[in-house]
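Enquirer: Attaching a predicted model along with its sequence, questions to come.
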Amino acid sequence: MIMDNNVKVRGMQFWKAAMRYYPDFSRSTAVRRFRDEIHNMPELLEELKRLGYNERKRYFPPGQMAVIIKYLGEL
């Protein structure tokens with residue numbers, strides 16, 4: 001867990017993060033939209049890759065979640 005502007009940021013499974021950003025969609029649709037959003041923001045994708053992001057991994061460590069929140073807003 002890390003601190004981001006005095007907010008504790010925890011790691012999270014990919015699908016859970018997707019469902020938080022797209023709560024009105026099915027799990028598979030939310031995951032697809034979330035992945036598309038990440039890949040359509042080159043700055044976000046590049047910063048995630050610097051922190052070890054790999055499309056095949058199914059978990060975002062706290063540092064990667066902090067970057068996602070920075071670009072996409074609070075969960």
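Expert: Okay, I see it.
Enquirer: Show me the strands in this structure, by range?
Expert: According to DSSP state E, the chain carries its strands in the segments 2-4, 7-9, 12-13, 59-60.
Enquirer: Compare the mean pLDDT across these and name the weakest.
Expert: Mean pLDDT is lowest for strand 2-4 out of these, coming in at a mean of 53.
Enquirer: Tell me if I'm right that residue 68 and residue 17 touch.
Expert: Yes - counting by CB atoms under 8 Å, residue 17 is a contact partner of residue 68 at 6.8 Å. Just so you know, the C-beta spots here come from the backbone N, C-alpha and C atoms, and that holds for glycine as well.
Enquirer: give the contact list for the spatially most central residue of the chain.
Expert: Centroid-nearest residue in the chain, with CA atoms, centre = their mean: residue 68, separated by 4.5 Å. The contact partners of residue 68, taken as CB atoms under 8 Å, 6 or more residues apart in numbering, are 17, 38, 44, 48, 60.
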